[in-house]
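J.: task: produce atomic coordinates for the following.
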Amino acid sequence: MSNVFIAFQANEESRPVVEAIVADNPTAVVTHPTGLTKIDVPQRLTIRRATIEEITGRPYDLQQIHVNLVTLSGHIDEDDDQLTLSWSH
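T.: Numbers count the residues shown, from 1 in each chain. Below is the predicted model:
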């Protein structure tokens, strides 16, 4: 089984996104290479706008993740409510 991954700049703006990913993806493995926060997940990773909003207590535009996004791996399926990375279509 192949992992998908996403990596963000390690900063306060990325923290709630990483928390949301871990909450919604129980098999997520978080590492902290220098200056980054990288999340690996087997086969499929989903980022949900609603989970980020629960963590932050305010509305969140999912497009904001691109500001601190460094790299990702996997096929992208994205809409206003979630972003999913996977190796299956």
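
J.: now the helix or strand containing V18: mean pLDDT?
T.: Using DSSP states H and E, V18 sits in helix 15-24. For helix 15-24, the mean per-residue pLDDT is 97.

J.: tell me where the protein has strands.
T.: With strands called from DSSP state E, the chain shows them at 3-9, 29-31, 36-42, 44-48, 69-73, 75-78, 82-86.

J.: what are the pairing partners of the last one, and which direction each?
T.: Listed by DSSP bridges, the sheet partners of strand 82-86 and their directions read strand 44-48 (antiparallel), strand 75-78 (antiparallel).

J.: returning to what we had before: of all the strands of the chain, which one is nearest V22?
T.: strand 29-31 (6.4 Å; C-beta to C-beta). C-beta: built from backbone N, CA, C; applies to glycine.

J.: before we move on, the earlier item: and the strands paired with strand 82-86 as TSV, adding mean pLDDT, mean neighbour count and distance to A7?
T.: Below are the strands paired with strand 82-86 laid out as TSV (pLDDT from 0 to 100; neighbours: other C-beta atoms under 10 Å; distance: least, C-beta to C-beta, whole Å):
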stretch	mean pLDDT	mean neighbour count	distance to A7
strand 44-48	97	20	12
strand 75-78	95	12	14
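
J.: dump the ones you listed into JSON lines; add distance to V18 as well.
T.: Shown next, in JSON lines, are these (distance: least, C-beta to C-beta, whole Å):
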{"stretch": "strand 44-48", "distance to V18": "10"}
{"stretch": "strand 75-78", "distance to V18": "18"}
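
J.: which one, of the ones you listed, ends up nearest to G35?
T.: strand 44-48 (20.5 Å).

J.: could you dump that closest one to CSV, C-alpha only?
T.: Provided in CSV are the C-alpha atoms of strand 44-48 (Å, rounded to 0.1, in the frame of the first residue of the first chain):
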residue,chain,number,x,y,z
ARG,A,44,-6.0,8.3,1.2
LEU,A,45,-5.8,11.6,3.2
THR,A,46,-8.8,13.9,3.6
ILE,A,47,-8.8,17.5,4.8
ARG,A,48,-12.3,18.7,5.9
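
J.: touching that strand from outside, list them.
T.: Contact with strand 44-48 is made by 4-6, 17, 20-21, 24-25, 28, 39, 62, 65, 74, 81-88, as judged by C-beta atoms under 8 Å, 6 or more residues apart in numbering.
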